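> Make a model of this:
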Amino acid sequence: MMISVWVAAAWAAAAALTAGVIVWLALPEAEQPRRRERRTEYEHPDFADAAGFAVTAYPESDIILKERVWLIEDEVAELDYTIVPGRSARLRVARQGQMRHPDGFDPHAFESVEQYQIDGVPVTHYQSAGQRGVLTWSRDGFECLLYAEDPEMNMLSGLAAPFVGTVRAEQR
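A predicted model of the protein is given here:
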């Protein structure tokens, strides 16, 4: 009798553990815990020694202010911007196939997904009202991603032309 109680308890514990693992594996990637990205700060977006490329052109103006430059995991450039008045955006640039999306980026979770062209470059614009917005495009073997955590209405639409039209990267 005592052995059957222990066997039943062991089976119940194994079933609970298995169910927990199945639920965790079924979570979308955006909800699974991610390890912290390794970031190295640079003065300029030239990552020739570490990553073999440089971001050679990027927008800067009175309202688009580049603040900080990072290299993430020796693969992805990230430029932090202040967008006047009081908003921010981040530009990521990586070789084709090496882009690391920001935490929580799920292309299926946005309310609106638009595709259009700027100067012949296909752009995809992901947006949810009052939430993160993302622009993606590719040029010359590099992927680009511009995102804002809390953009004002139409902010990314206004930033699309200066970023898509200006950003360039090259192998070094």
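> C-alpha from now on. contacts and neighbour counts both.
Noted.
> what's across from the residue nearest to Leu146 when sequence neighbours are not counted in the sheet?
Excluding the flanking residues, the one nearest Leu146 by Cα to Cα, 6 or more residues apart in numbering is Leu91, at 4.4 Å. Beta bridges link Leu91 to Leu79, Leu146, judged by DSSP bridges.
> Verify the stated contact: Leu91 with Leu145.
Yes. Using Cα atoms under 8 Å, Leu91 makes contact with Leu145 at a distance of 5.7 Å.
> And Val55, how close does it get to Val93?
According to Cα to Cα, to the nearest Å, Val55 stands 8 Å off from Val93.
> what's the helix or strand for Val164?
Using DSSP states H and E, Val164 sits within helix 155-166.
> so what secondary structure elements neighbour that helix?
Other elements packing on helix 155-166 under the criterion 3 or more Cα pairs under 8 Å, 6 or more residues apart in numbering; DSSP states H and E are strand 112-118, strand 133-139.
> What residues of it count as buried?
For helix 155-166, burial by neighbour count (16 or more other Cα atoms under 10 Å) applies to 156, 159-160, 162-165.
> pLDDT-wise, what's the bottom of these?
Minimum pLDDT across those is recorded for Leu156, with 92.
> Report the contact partners of the residue nearest to that one when sequence neighbours are not counted.
Distances taken as Cα to Cα, 6+ apart put Gly133 closest to Leu156, at 7.0 Å, once the chain neighbours are dropped. By Cα atoms under 8 Å, 6 or more residues apart in numbering, Gly133 lies in contact with 125-127, 147-151, 156.
> Ok, Ile72 next?
Ile72 touches 37-40, 78, counting by Cα under 8 Å, 6+ apart.
> Any idea what it is bridged to?
Under the criterion used (DSSP bridges), Ile72 bridges to Arg39, Val76.
> distance of it from Phe110?
25 Å.
> which stretches of the chain have low pLDDT?
1-35 (pLDDT under 70).
> just the strands in it please.
Here the chain has its strands, by DSSP state E, at 39-42, 46-47, 53-57, 64-72, 76-83, 87-95, 112-118, 121-127, 133-139, 142-148, 168-171.
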